[in-house]
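*Asks:* here is a sequence with its predicted model. Questions after.
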Amino acid sequence: MKPEKKWNSQPVSKEAGFSSIIPYSSEVSMADYDYDLLVIGSGPAGQRAAIQAAKLNKRVAVVERKTILGGVCINTGTIPSKTLREAVMHLSGYREHSLYGASYTVKQNITMSDLLYRTDHVIQHELDIVRHQLQRNRVELVSAEASFLDANTIRLQSVDQHGWRDVTAANTIIAAGTSATRSEHIPFDGKRIFISDDLLQLDHLPRTLAVVGAGVIGLEYACIFAALGVRVTVIDKRRRLLPFVDAEIMDSLTYHLNQQRAIFRLGEEVKDLEPISDDQGERVKITLASGKQIVTEMALYSIGRTGATKTLNADAIGIEMDERGVIKVNEKFQTKTPNIYAVGDVIGFPSLASTSMEQGRLAACHAFGISTQSAPDLFPYGIYTIPEISTVGKNEEELTEAGIPYEVGKAQYREIARGQIIGDQTGLLKLIFHLETHELLGVHIIGEGASELVHIGQAVMAFKGKVEYFINTVFNYPTLAECYKTAAFDGINRLGV
């Protein structure tokens with residue numbers, strides 16, 4: 001690798017050097033650049049892209065504008081929320097309520113400190129793992145904010161005020177991630193009115209909570225607080241929750257949340273959201289376009305994510321993006337500039353850590369001409385609501401719209417010995433298979449361990465297996481995996497054969 005360029009201490013305007021745009025040229029040798037690959041962002045997509053390129057013996061650097069690695073996934077998103085969920089499930093005794101009653105808890109008065117104790121430990125552990133993985137693969141780590149000067153030149157503005165330097169890269173992968181979308185008309189204070197990134201800074205649990213936006217993040221936190229006994233109100237403009245998930249599964253989740261005293265205001269738009277103070281203390285008043293009013297102790301604003309692309313100077317290299325900063329890419333994750341790729345949350349749906357990792361790997365391989373195989377149609381979705389949801393393949397609505405004949409088979413957790421043992425009386429596993437060929441087309445699960453259990457169906461679908469596979473297979477007893485056999489028998493019986 002070439003000697004590292006030193007940081008320039010002179011101040012520089014953001015426009016400096018942006019006027020001269022050098023188009024990408026495939027005729028230049030990679031040896032002429034400082035790096036074979038520069039990765040912007042250290043979240044799951046950036047990590048996997050960098051390590052894949054390093055395994056190919058390429059010169060790789062990861063640029064992270066935050067002072068810590070891991071991106072939103074480790075620091076404020078996936079890892080904290082899932083760890084927080086697990087702490088809630090344990091301390092509230094949620095899993096044992098069907099056996100010992102709703103009053104059973106591991107700890108009587110649960111505080112935010114109790115919940116964050118486990119979260120802080122897991123975050124620190126994951127940060128150490130990520131740093132170690134990148135270091136042992138000889139990936140250079142740079143704390144800086146990156147912006148493009150041209151297709152091969154990137155300006156790095158040091159986050160610790162050491163200055164700036166320009167580096168060159170044969171290929172660049174943008175894995176900058178997203179930030180929670182805010183409205184300029186809402187008075188966020190991080191305490192009463194906050195976004196998901198602020199949640200870990202709360203000093204106490206509210207008695208009531210309104211969640212504005214019923215996407216994946218909003219629903220996950222709605223479930224977490226409802227499990228703690230918080231009165232939750234969910235508000236969303238859509239009348240159908242998570243349309244990419246099977247409708248029967250979502251109806252089941254809605255029912256469970258209603259049982260936890262959650263209220264849904266669907267098809268409603270928020271007109272105004274303001275903090276108020278009265279004899280009952282400091283609260284939040286939400287006015288809906290329909291005229292309804294909701295008064296709550298706290299409000300979580302969760303209407304989606306915005307791409308962290310403002311500082312990239314994307315216009316200099318012709319990168320296209322929508323109004324929310326989501327970058328447009330082709331099937332190879334290339335932007336309109338062929339040596340610049342974008343992966344992860346910054347390219348939009350499904351915005352999952354698992355799919356982002358795979359996108360990073362595929363982009364790095366394509367950048368260096370390495371043949372790969374992937375099955376995006378079989379990417380599983382894991383949604384960590386309470387109970388959790390996981391799905392792979394097509395749902396009933398998609399198959400009906402496509403005119404594909406199908407049949408379903410279902411297994412309730414309460415029918416399975418393992419379901420009785422763990423106290424999950426509400427879980428459901430649903431198989432969808434082709435009416436004529438019996439090929440497995442989709443697996444949809446709600447209940448304990450759904451995100452683990454779905455991989456059995458994913459593997460069978462990858463080999464175009466038929467529903468009879470589960471009938472002819474012996475599963476350990478007692479396990480939740482037996483649901484596959486029960487559901488398969490149910491589906492075959494529906495055919496009358």
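*Replies:* Structure received.
*Asks:* can you classify residue 252 by secondary structure?
*Replies:* helix (DSSP: H, G, I helix; E, B strand; the rest coil).
*Asks:* and the residue nearest to it when sequence neighbours are not counted, bridged to which residues?
*Replies:* In space, and not counting its chain neighbours, residue 252 is closest to residue 446: 5.2 Å by Cβ to Cβ, 6 or more residues apart in numbering. In short, each C-beta sits where N, CA and C put it, glycine included. Counting by DSSP bridges, residue 446 forms beta bridges with residue 389, residue 428.
*Asks:* for residue 446, which residues are in contact?
*Replies:* 249, 252, 253, 387, 388, 389, 426, 427, 428 (Cβ atoms under 8 Å, 6 or more residues apart in numbering).
*Asks:* from those residues, pick the one nearest residue 55.
*Replies:* Lowest distance from residue 55 to these (Cβ to Cβ) belongs to residue 388, with 32.6 Å.
*Asks:* could you find the closest non-adjacent residue to that closest one?
*Replies:* Per Cβ to Cβ, 6+ apart, closest to residue 388 is residue 450, 4.7 Å.
*Asks:* for that neighbour, what are its contacts?
*Replies:* Applying Cβ under 8 Å, 6+ apart, the residues contacting residue 450 are 382, 387, 388, 389, 390, 427.
*Asks:* how about residue 176?
*Replies:* 40, 41, 307, 308, 309, 312, 346.
*Asks:* again, but for residue 130
*Replies:* Each residue near residue 130 by Cβ under 8 Å, 6+ apart is listed here: 42, 47, 69, 70, 74.
*Asks:* give me that answer again for 10 Å
*Replies:* 42, 43, 44, 46, 47, 62, 68, 69, 70, 71, 73, 74 (Cβ atoms under 10 Å, 6 or more residues apart in numbering).
*Asks:* same deal with residue 213?
*Replies:* So residue 213 contacts 180-181, 195-196, 219, 222, 234-238, 270, 300-304 (Cβ under 10 Å, 6+ apart).
*Asks:* what's the PyMOL syntax to select whichever of those are buried?
*Replies:* A single PyMOL command selects the buried members of these (16 or more other Cβ atoms under 10 Å):
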select buried, resi 180+181+195+196+219+222+234+235+236+270+300+301+302+303
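*Asks:* among the contacts of residue 213, name the ones in strands.
*Replies:* 180, 234, 235, 236, 270, 300, 301 (DSSP state E).
*Asks:* mind putting the residues you listed in CSV, distance to residue 190 and pLDDT included?
*Replies:* What follows is those, written out as CSV (distance: Cβ to Cβ, whole Å; pLDDT from 0 to 100):
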residue, distance to residue 190, pLDDT
180, 12, 83
234, 21, 97
235, 20, 97
236, 23, 96
270, 19, 94
300, 11, 95
301, 11, 94
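*Asks:* now, which of the residues you listed sits nearest residue 410?
*Replies:* Nearest to residue 410 among the ones in strands among the contacts of residue 213, with distances taken as Cβ to Cβ, is residue 234, at 26.4 Å.
*Asks:* just to check, the closest one is in contact with residue 265?
*Replies:* Yes - in this structure, residue 234 is within contact of residue 265 by Cβ atoms under 10 Å, at 6.8 Å.
*Asks:* any common contacting residues for those two?
*Replies:* Shared contacts of residue 234 and residue 265, defined by Cβ under 10 Å, 6+ apart, comprise 210, 212, 214.
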